[in-house]
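Asker: Test case, fold it:
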Amino acid sequence: MPVLTIYRLLTIGLTPLAGAALGWRAKQGKEDPERIGERMGAPGLARPAGRLVWLHGASLGESLALLPLVERFIQRGVEVLVTTGTVSSAKVLRARLPAGAVHQFLPLDAPQFVERFLEHWRPDIVLFAESELWPNMIRAIHARRLPLVLVNATISRRSAARWRRLPGGARTLFGEIDLCLAQNAESAARYLGLGAPRVRVCGNLKFDVPPPPVGAGRLAEFNGAIGPRPVWAAISTHAGEEEIAIDAHLSLSGEVPSLLTIIVPRKPERGAEIAALASAKGLAVGLRSRDGEPRRGVQIYVADTVGELGLFLRAVSVVFTGKSLTAEGGHNPIEPAKLGCAILHGPHVENFADIYGELAAARAAARVSDADSLARALQFLLSDPSRMRKMGRAGAEVVRKLGGASQSIMAAIEPYLAQSALEQK
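Answerer: A predicted model of the protein is given here:
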């Protein structure tokens, strides 16, 4: 039996359990209990009249990368539906989606839920970001003869190898993608090898995303609470990296006694755990969700809230980007680079090797390997603000030069937009 048929039958068989599974996830904070119906294809909003483009990004980073396209579609007079799969992405998009765009949660990939979703929204064009591939959804979109475009598409060597183990299923599924607009030549070659019929390289949309916003009043209040203290931030950190940041702070405390270290964990729910780590080492700790602005005397400030990265990045001039001291491939450094931060990172940045390579070549980023090397790099930069600012300016220039993907993507999908306009007449 073909692998896609087996997958379809399995998802049909598991459909009756979906409500209970989603309810359990809601209790864990992984689903919005008031919007669980959307995960089963039930619409939370009416479909707007006229042409509708549906864009999907799995989680926060992928969905934010779609914002430049959202703006361009709205300027063209096209309605926009954005779907995601995570609670955190929904919270952030609520504040950042412009008028003319609405958000829904992506339904689970069960045929019944997929058909209910598509029947209500009836999109004219479908754009999926990066490597989000749901077999039942893709097959249903193809059956309705809707154009399906992968944008900002990327696929790792490991993921491509997994797909190649299912040669028949992979070629069927990838063959139903109308157009694949890849971030780079390596991903483009992998998509072609897996059976995507039309592939182009358009660059990385994340270079075109505006930096995360913050109100002037909130920034002034936060900076006022910090005062003249030297400050740095460890952002998007994972387990193990917070302890390294805390140890780096301890190493620096003798040289920089008034130092403030801001830790922004990738998962805000780990805030109390990180605060306990710092307290156990004798440090004064502030937890944003509990204590508000950093008080005088706080040494480690744990920013355990959602959607405030723009505030913290504007309050510092040097950051450490997480998931890079663990063997997990690193996090995207574009946002801190856009805001002129000098960037420090660990050795594991394979997921964004090209970007980190460009930043390193421009001397906008530097590699560290442990708490000692992180402390030395921070002392070097914090003691020389002019060098720190020079690194930040170099990084901002790198990401400015690498922009333009949204324009290339819009040009590539223009034939689909023109066709949908003709069909509306």
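
Asker: which residues in the stretch 201-350 of the chain form helices?
Answerer: Under the criterion DSSP state H, counting those that start in this stretch, helices of the stretch 201-350 of the chain are mapped to 216-226, 241-252, 271-280, 288-291, 309-315, 334-338.

Asker: Okay, now the unreliable bits of the chain?
Answerer: Applying pLDDT under 70 to the chain flags the ranges 1, 422, 425.

Asker: Longest helix in it, by number of residues?
Answerer: Criterion DSSP state H: the longest helix present in the chain is helix 405-424.

Asker: Which strands or helices does that helix pack on?
Answerer: helix 67-75, strand 125-129, strand 148-153, strand 179-182 (3 or more C-beta pairs under 8 Å, 6 or more residues apart in numbering; DSSP states H and E). Where C-beta positions appear, they are placed from N, C-alpha and C, glycine not excepted.

Asker: Buried residues in it, which are they?
Answerer: For helix 405-424, the neighbour count (16 or more other C-beta atoms under 10 Å) marks 405-406, 409-410, 412-413, 416-417, 420 as buried.

Asker: Can you lay out the residues you listed as TSV showing distance to P213?
Answerer: Output for the buried residues of helix 405-424, formatted as TSV (distance: C-beta to C-beta, whole Å):
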residue	distance to P213
A405	21
S406	18
I409	23
M410	23
A412	28
I413	27
Y416	31
L417	28
S420	31
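
Asker: shouldn't S279 be in contact with G286?
Answerer: No - the pair S279 / G286 is not scored as a contact, 10.8 Å apart, by C-beta atoms under 8 Å.

Asker: quick one, which of the two is more surrounded?
Answerer: Comparing S279 with G286 by neighbour count (other C-beta atoms under 10 Å), the higher total belongs to G286, at 22 against 12.

Asker: List the contacts of the more buried one.
Answerer: 294-295, 298, 300-302 (C-beta atoms under 8 Å, 6 or more residues apart in numbering).

Asker: Got the phi and psi for the closest residue to it other than its chain neighbours?
Answerer: Of all residues not flanking G286 in the chain, V298 sits nearest, at 4.0 Å (C-beta to C-beta, 6 or more residues apart in numbering). Backbone torsions for V298, taken as degrees, to the nearest 10, come to phi -70, psi 130.

Asker: Kindly provide the distance from V298 to A275.
Answerer: 11 Å (C-beta to C-beta, to the nearest Å).

Asker: just H120 next, same as before
Answerer: 44 Å.

Asker: With V114 instead?
Answerer: Per C-beta to C-beta, V114 is found 42 Å from A275.

Asker: Look up how far P135 lies from the spatially most central residue of the chain.
Answerer: What sits nearest the mean C-alpha location of the chain, by C-alpha atoms, centre = their mean, is G61, with 1.0 Å. Distance, G61 to P135, by C-beta to C-beta: 23 Å.

Asker: try R393
Answerer: 46 Å.

Asker: out of the two, which sits in the more crowded spot?
Answerer: Shown here are R393 and P135; by other C-beta under 10 Å, P135 has more neighbours (17 against 14).

Asker: Count residues in the vicinity of P257, would you?
Answerer: Neighbour count for P257, taken as other C-beta under 10 Å: 10.

Asker: thinking again about what came up before, tell me how many other residues crowd the residue nearest to G286.
Answerer: The burial count for V298: 22, using other C-beta under 10 Å.

Asker: Surely E255 and F380 touch.
Answerer: No - using C-beta under 8 Å, E255 is not in contact with F380, being 10.9 Å away.

Asker: Nice, that's everything, thank you.
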